[in-house]
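J.: From the sequence below, what's the structure:
(one chain, ligands or ions: 2)
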Amino acid sequence: MDRQRGHLAKNPHELVDKLTWIKIVGIGNAGVGKTCLIKHFCESKFSGGYQPTVGVDYGFKIQNVKGCELRVHLWDLSGSPEYIDVRNELYGQTDAIFLVFDVTNQASFESLDTWLKEVTKYSSGVHEIVLVANKVDTKAGKKVISTQDAKKWAQSHKMNIYEASAATGDGVLKLFDEMLNNIINKRRQAGILTSWPGDHAQL
Ligand SMILES: Nc1nc2c(ncn2[C@@H]2O[C@H](COP(=O)(O)OP(=O)(O)O)[C@@H](O)[C@H]2O)c(=O)[nH]1
Ligand SMILES: [Mg+2]
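T.: Numbers count the residues shown, from 1 in each chain. Ligands and ions are numbered 1, 2, ... in the order given. Okay, the predicted model is just below:
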């Protein structure tokens, strides 16, 4: 194609600068379902085979929120203690964190305080942290953490709680949708996001 002078109306750097990039990080004990939650959100897929995350896993999705096209990067930081240095490196510039426990695993619930301490220490700028009670699809007999106990923990830390299943997809979209909405609202309040393509839409 013959490109005429001035065919590219705008500087590509300017265009990239105008895109809205979001970084979301998932934390919690190994095996609670962080990778599966991200996979479900990005690809609507679930795999029953467990391959522990070595260091980090990553997902990307372009998500439309209220008419605004968001470039969402999702990081699953390996839950193993030996990856603390990798995690600390990746906490920077994070917009939101989802802290996951597995409703069938007592230890994963008991570790929440330790995770929150790590987050508070290394990602001071993050205001949006939510709790995810994952694997709610599992049979009632296998569930060891009650909804009530989980809600109590979340309330005492002033966090929203989401019950989800990466296996069935229940609650997954709601979790990420609300996180993204909250991030965008905070950016707008801070004056970081001034133009909003969805402004004319019903908010
Ligand atoms: N039943 C059930 N199993 C799940 C769910 N989410 C993850 N799993 C399983 O739990 C294991 C660990 O999942 P993964 O996402 O790799 O955990 P991560 O270490 O936190 O990233 C895998 O075998 C998954 O198939 C869920 O919602 N329900
Ligand atoms: Mg993982």
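
J.: Burial check on the residue nearest to Ser80 when sequence neighbours are not counted, number of neighbours?
T.: Spatially, and ignoring its direct neighbours in sequence, Ser80 is nearest to Ala30 (5.6 Å; Cβ to Cβ, 6 or more residues apart in numbering). All C-beta spots, glycine's among them, are computed from the backbone N, C-alpha and C. Ala30 sits with 14 neighbouring residues when counted by other Cβ atoms under 10 Å.

J.: and if you look at Cys42?
T.: Neighbours of Cys42 (other Cβ under 10 Å): 17.

J.: who touches the strand or helix carrying it?
T.: Secondary structure assignment for Cys42, by DSSP states H and E: helix 34-43. Residues lying outside helix 34-43 but in contact with it, judged by Cβ atoms under 8 Å, 6 or more residues apart in numbering, are 26-28, 45-47, 51, 53, 57, 59-61, 74, 76-77, 79, 98, 100, 132, 134, 164, 166-167, 169, 172-173, 175-176.

J.: Also stretch 133-151?
T.: Against stretch 133-151 from outside (Cβ under 8 Å, 6+ apart): 32-33, 36-37, 100-106, 109, 131, 161-168, 170-171.

J.: For Ser80, give me the backbone phi and psi.
T.: Main-chain torsions, Ser80, degrees, to the nearest 10: phi -70, psi 140.

J.: so it touches Asn29, yeah?
T.: No. Using Cβ atoms under 8 Å, Ser80 makes no contact with Asn29, being 9.0 Å away.

J.: Compare the two (neighbour count), which wins?
T.: Ranked by neighbour count (other Cβ under 10 Å), Ser80 and Asn29 place Asn29 first, with 20 against 15.

J.: Make a PyMOL selection of the buried ones in the contacts of stretch 133-151.
T.: In PyMOL, a selection of the buried entries from those looks like this (16 or more other Cβ atoms under 10 Å):
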select buried, resi 32+33+36+37+100+101+102+103+104+105+109+131+161+162+163+164+165+166+167+171
